[in-house]
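Visitor: What follows is a predicted structure for the sequence shown.
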Amino acid sequence: MDLCQWAAEFDDTQPVEYEPVGTNAGPYKVLCKYSNGVNLVMRDDGWDGGLKTGSCSFRIEGDQGWVETGDATVIESSGNIKPMLRPTESASLALVNHIEDLLRSIKTRQFPRASAGAAANSHIACHAAFIAFQRCKKLTWDPAKGKFTNDDIANRMRSRALREPWRA
Amino acid sequence: MQQTTQPGPAPQPPKPKPPTPSAEFQEGDIPSMDAAALIGILTDAGSREFRKAKACQRISELGAKEAVPALAALLGNEHLSTYARYGLEPIADPSADEALRAGMSMLKGNLLIGVINSIGKRRDALAIPALAKMIYGVDANVARAAAAALGSIGGVSAMKEIQRALSKTKGMTRMAVADAGLVCAERLLAEDRREQALILYASLSVIDIPKPARLAAMSGIIREETSLGRPH
């Protein structure tokens, strides 16, 4: 999810629509839409069926082709994009790169690529999608207010009491 | 065509289906029950704890104010207090605040802390006097929870209690009060009470305030005073 938000340049917000499909039949998916019309599809069963691209797979489809990857450091794409693909790195390097990026951000006083805000927005979108799945209905979301605009029950599901003595 | 520098992992087997819980731990028709039926579960001495917990969760979705007395009765139950608060927190009616405030005077230890946390989450300004007293109580964990709740509630009354407590507390409780002051200042800024927020930041910037909070307060002052949107 975080990579989808990053690729679509939506690190600072969340989708505004969440429509669950197949919630009682499975595998299910949630069709999401950003405010500018970009569509995001969350799928219970990944993207390529055989999980060739590994866990957390995601696929970007545009006007002129598609590209798909995941945690297995494999990239698949439509034919016109293949010449532009660069060799991938080992999965273990991703963690090293995150640490290096954090140190760079401290040095340069800039946000890391995976900032706290970007992570929070990704998680909020996932929770909103799961609430739509639980409610079995299309929900609309106001990212600025952090509220659903068409369902009171969904709004009451946004938070729950924490087990004592914990607090947020 | 695929581009790889290392072989990918072997294809994963399909996800195993989760085991079916025993009858004792199945919610049955609770997700579709109305408030009256759910209250019936909560008030039935023969209901199992699992069903009562699930009923509290369903009540939280419905936001049913008629369930407040039944939920309030569970606040002192060691196993179900969290679930009672789960049900109470989203109920918009003031009776939920009254139930939590009443719980403050009856509970101790972690159950009291849970109720204080819920009061802070609901931002119940009527609880400010009671919370302010608790900062000076003998239970340090309760004192810290009370301070945090004051910060969450925010507003000028909470701000004054936090400022007072800064000079009367020490150690970890003082750190909690200072943390609460930072949260309160953010609340004041969000409510366009910039002047009060800056006063609170100034209170938190003096030399004997714990360093992490002091630096955060000074950062807040710098951010606000250098903001292009500041009043001239």
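Guide: Here it is on my side, so go on. Numbering: from 1, shown residues only, chains lettered A, B, ... in the order given.

Visitor: what about residue 133, how many residues close to it?
Guide: Using chain A here. By other C-beta atoms under 10 Å in any protein chain shown, 21 other residues sit near residue A:133. Heads up, the C-betas are built off the backbone N, CA and C, glycines and all.

Visitor: that's the other chain; I wanted chain B
Guide: Neighbour number of residue B:133 under other C-beta under 10 Å is 12.

Visitor: now the chain, which segments are flagged as low pLDDT?
Guide: Looking at chain A here, since you left the chain open. A:26, A:46-51, A:91, A:94-95 (pLDDT under 70).

Visitor: my bad, chain B
Guide: Under the criterion pLDDT under 70, the flagged ranges of chain B are B:1-15.

Visitor: Give me the three-state assignment for the closest residue to chain A within it.
Guide: Per C-beta to the nearest C-beta, residue B:114 is where chain B lies closest to chain A, at 3.0 Å. When classified by DSSP: H, G, I helix; E, B strand; the rest coil, residue B:114 comes out as helix.

Visitor: leaving aside the residues next to it on the chain, what's closest to residue B:31?
Guide: Nearest non-adjacent residue to residue B:31, counting by C-beta to C-beta, 6 or more residues apart in numbering or on different chains: residue B:58, 6.2 Å away.

Visitor: pretty sure the one you found contacts residue B:34?
Guide: No. Using C-beta atoms under 8 Å, residue B:58 makes no contact with residue B:34, being 9.4 Å away.

Visitor: With neighbour numbers in mind, choose between these two.
Guide: Shown here are residue B:58 and residue B:34; by other C-beta under 10 Å, residue B:58 has more neighbours (22 against 10).

Visitor: Please name the residues that touch that one.
Guide: Residues in contact with residue B:58 (C-beta atoms under 8 Å, 6 or more residues apart in numbering or on different chains) are B:30-31, B:33, B:38.

Visitor: what do you get for residue A:101?
Guide: The contact partners of residue A:101, by C-beta under 8 Å, 6+ apart, come to A:112-114.

Visitor: cutoff 7 Å now
Guide: Residues near residue A:101 by C-beta atoms under 7 Å, 6 or more residues apart in numbering or on different chains: A:112-113.

Visitor: And for residue B:49?
Guide: Going by C-beta under 7 Å, 6+ apart, residue B:49 touches B:79-80.

Visitor: So which residues on chain A come close to chain B?
Guide: Counting by C-beta under 7 Å from any C-beta of the partner chain, the residues of chain A close to chain B are A:50-52, A:54, A:72-76, A:82, A:85, A:87-90, A:152-153, A:156-157, A:160-165, A:167.

Visitor: List only those of these flagged as buried.
Guide: By neighbour count, with 16 or more other C-beta atoms under 10 Å in any protein chain shown, the residues of chain A next to chain B hold A:51-52, A:54, A:72-76, A:88, A:153, A:156-157, A:160-162, A:164-165, A:167 as buried.

Visitor: Let's see which of those end up in strands.
Guide: Among those, DSSP state E puts A:75-76 in strands.

Visitor: what's the farthest-apart pair in the contacts of residue B:58?
Guide: Across the contacts of residue B:58, the longest distance by C-beta to C-beta is 10.4 Å; it joins B:31 and B:38.

Visitor: Helix or strand: which one has the residue lying closest to residue B:30 once chain neighbours are set aside?
Guide: With sequence-adjacent residues excluded and distances taken as C-beta to C-beta, 6+ apart, residue B:30 is closest to residue B:54, at 4.7 Å. Per DSSP states H and E: residue B:54 is located in helix B:49-62.

Visitor: which residues are in contact with the helix or strand just after that helix?
Guide: Using DSSP H and E, the next helix or strand after helix B:49-62 towards the C-terminus is helix B:68-72. Defining contact as C-beta under 7 Å, 6+ apart, one finds that helix B:68-72 is touched by B:39, B:42-43, B:56, B:59, B:84, B:87-88, B:91, B:93, B:95-96, B:99, B:102-103.

Visitor: Only the buried subset of those, as a PyMOL command please.
Guide: This is how PyMOL selects the buried members of these, with burial counted by 16+ other C-beta under 10 Å:
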select buried, chain B and resi 39+42+56+59+84+87+88+91+95+96+99+103
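
Visitor: Could you list which of the contacts of helix B:68-72 also contact chain A?
Guide: Checked against chain A using C-beta under 7 Å from any C-beta, the contacts of helix B:68-72 give no members in range.

Visitor: Out of the contacts of helix B:68-72, which sit inside strands?
Guide: Members of the contacts of helix B:68-72 lying in strands (criterion: DSSP E): none.

Visitor: The contacts of helix B:68-72 in helices, which ones?
Guide: Among these, DSSP state H puts B:39, B:42-43, B:56, B:59, B:84, B:87-88, B:95-96, B:99, B:102-103 in helices.

Visitor: filter the contacts of residue B:58 to the buried ones?
Guide: B:30, B:33, B:38.

Visitor: shouldn't the last one be in contact with residue B:66?
Guide: By that I understand residue B:38. No. Counting by C-beta atoms under 7 Å, residue B:66 is not a contact partner of residue B:38; they are 9.7 Å apart.

Visitor: Tell me which stretches of chain A form helices.
Guide: Using DSSP H, the helices of chain A run over A:2-7, A:91-108, A:116-135, A:152-156.
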